[in-house]
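model the structure of this input:
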Amino acid sequence: MPELPEVETVRRGLAPHLEGRRIATAKTTRADLRFPFPKRFAKRLSGRRVERLTRRAKYLLAELDDGNIWVTHLGMTGRWSVSGLKQQPGDFYYAEPPDPAHTHVVLETDAGARLEFNDPRRFGYMDLIARDAFDAHPWFKSLGPEPLGNAFHAPYLAEALAGKKANVKNALLDQRMVAGLGNIYVVEALHRAGIAPTRTAGSLSRARLEKLVPAIRAVLEEAIAAGGSTLSDYAAVDGAQGGFQQRFRVYDREGAACVTPKCGGAIMRAVHSGRSTFWCAKCQR
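Got it, this is the predicted structure:
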């Protein structure tokens with residue numbers, strides 16, 4: 001499933017084509033994705049100007065000129081594409097090739113751009129939420145702080161994890177704890193911080209949390225700079241090759257040597273709560 005860096009990559013890719021633009025036409029090819037579209041969804045989008053395109057956790061938020069926020073969740077296989085672009089905003093790690101039969105939302109802007117939402121498994125979803133009702137909406141009212149925001153820091157995490165019996169990996173995946181973190185980046189951050197994903201969350205000392213918070217930030221910032229974890233090649237402005245999957249230290253590296261200097265350990269894999277966990281038992285404690 002696309003995680004925070006991938007959603008942020010999509011946001012940045014779509015922003016030049018949506019922000020300040022009017023949606024000339026919108027259409028849907030079916031009545032629902034994971035959930036039904038709102039009533040008159042396409043008609044309510046048509047003619048609206050997108051004032052701002054932002055992100056909250058793993059949601060894309062388009063603030064419209066009529067006071068509504070158009071919300072998109074990509075689910076597992078949802079992706080946006082813009083006609084004519086060689087590099088699309090959403091070629092994720094393990095992504096399936098897009099099939100036109102699964103294009104369910106099509107927009108055209110007043111600038112002539114054509115945007116398509118493709119979702120073969122239909123786990124994505126969309127809604128229109130009044131701006132003044134957004135914070136109280138069930139999808140958003142319980143979300144924790146953004147991991148790249150000022151409200152996410154070691155004192156907050158110490159208080160939030162206090163007494164938690166769950167392992168630290170599962171605790172960090174709880175969107176009420178911190179918004180937007182997913183499996184890949186949690187295991188990568190835990191490796192950088194030297195923390196075993198199996199450790200009881202409430203047992204972590206303040207000193208260890210002081211290492212974990214910057215590790216989370218660093219992993220996310222590097223992944224965003226690389227365009228998320230993508231299958232396609234990525235080149236930064238200086239020409240360096242990117243694609244964060246090329247920089248995984250533990251994720252999907254079962255049996256490989258740990259990259260921590262002088263460690264000498266090997267990457268292990270286990271399944272916790274239905275998700276693959278990767279770590280080095282030698283340098284992560």
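
quick one: the helices in the chain, in order.
For the chain, applying DSSP state H gives helices covering 4-18, 41-45, 154-161, 168-173, 183-193, 206-225.

pick the most buried one from the ones you listed.
Highest mean neighbour count among the helices of the chain (mean count of other C-beta atoms under 10 Å): helix 183-193, with a mean of 24. C-beta here means a position set from N, CA and C on the backbone, and glycine is covered the same way.

tell me which other helices or strands it touches.
Applying 3 or more C-beta pairs under 8 Å, 6 or more residues apart in numbering; DSSP states H and E, one finds that helix 183-193 contacts helix 168-173, helix 206-225, strand 275-280.

ok, now which ones touch residue 28?
Contacts for residue 28 (C-beta atoms under 8 Å, 6 or more residues apart in numbering) come out as 37, 41-42, 104-105.

hmm, back to that, and residue 51, which of the helices of the chain is closest to it?
Nearest to residue 51, of all the helices of the chain, is helix 4-18, at 9.9 Å by C-beta to C-beta.

could I have that closest one exported to CSV, CA atoms only?
Only the C-alpha atoms of helix 4-18 are listed here, as CSV (Å, rounded to 0.1, in the frame of the first residue of the first chain):
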residue,chain,number,x,y,z
LEU,A,4,3.2,8.8,3.3
PRO,A,5,6.2,9.4,0.9
GLU,A,6,4.3,7.9,-2.0
VAL,A,7,1.2,9.9,-1.3
GLU,A,8,3.3,13.1,-0.9
THR,A,9,5.0,12.2,-4.2
VAL,A,10,1.6,11.9,-5.9
ARG,A,11,0.5,15.3,-4.3
ARG,A,12,3.6,17.0,-5.7
GLY,A,13,3.1,15.4,-9.1
LEU,A,14,-0.5,16.5,-9.3
ALA,A,15,-0.2,20.0,-7.8
PRO,A,16,1.0,21.7,-11.0
HIS,A,17,-2.0,20.3,-12.9
LEU,A,18,-4.6,20.9,-10.2
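
domain parsing for the chain?
4-133, 154-248 (automatic domain parsing).

would you turn those domains into TSV with distance to residue 281 and mean pLDDT?
Shown next, in TSV, are those (distance: least, C-beta to C-beta, whole Å; pLDDT from 0 to 100):
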stretch	distance to residue 281	mean pLDDT
domain 4-133	25	92
domain 154-248	7	84
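
got TSV for these, with distance to residue 267 too?
Converted to TSV, those look like this (distance: least, C-beta to C-beta, whole Å):
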stretch	distance to residue 267
domain 4-133	17
domain 154-248	9
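
if we can go back for a sec, closest one to residue 120 among the helices and strands packed on helix 183-193?
Nearest to residue 120, of all the helices and strands packed on helix 183-193, is strand 275-280, at 21.2 Å by C-beta to C-beta.

for the closest residue to residue 54 other than its chain neighbours, grab the count of nearby residues.
Once flanking residues are discounted, residue 54 sits nearest to residue 61: 4.7 Å by C-beta to C-beta, 6 or more residues apart in numbering. Residue 61 has 18 neighbouring residues, counting by other C-beta atoms under 10 Å.

how about residue 144?
By other C-beta under 10 Å, 20 other residues sit near residue 144.

that one reaches residue 157, doesn't it?
No. Using C-beta atoms under 8 Å, residue 144 makes no contact with residue 157, being 9.8 Å away.

what sits in contact with each of these two?
Contact criterion C-beta under 8 Å, 6+ apart; residues shared by residue 144 and residue 157: residue 178.

could I get the full set of strands for the protein?
Ranges of strands within the chain are 23-28, 50-56, 59-64, 68-73, 79-82, 103-109, 114-118, 125-130, 267-272, 275-280, based on DSSP state E.

one step back: wait, which of the helices of the chain is closest to residue 259?
Nearest to residue 259 among those is helix 183-193 (8.7 Å), distances taken as C-beta to C-beta.

got the helices of the chain as JSON lines, with distance to residue 122 columns?
Listed next are those as JSON lines, based on distance: least, C-beta to C-beta, whole Å:
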{"stretch": "helix 4-18", "distance to residue 122": "18"}
{"stretch": "helix 41-45", "distance to residue 122": "15"}
{"stretch": "helix 154-161", "distance to residue 122": "33"}
{"stretch": "helix 168-173", "distance to residue 122": "23"}
{"stretch": "helix 183-193", "distance to residue 122": "21"}
{"stretch": "helix 206-225", "distance to residue 122": "26"}
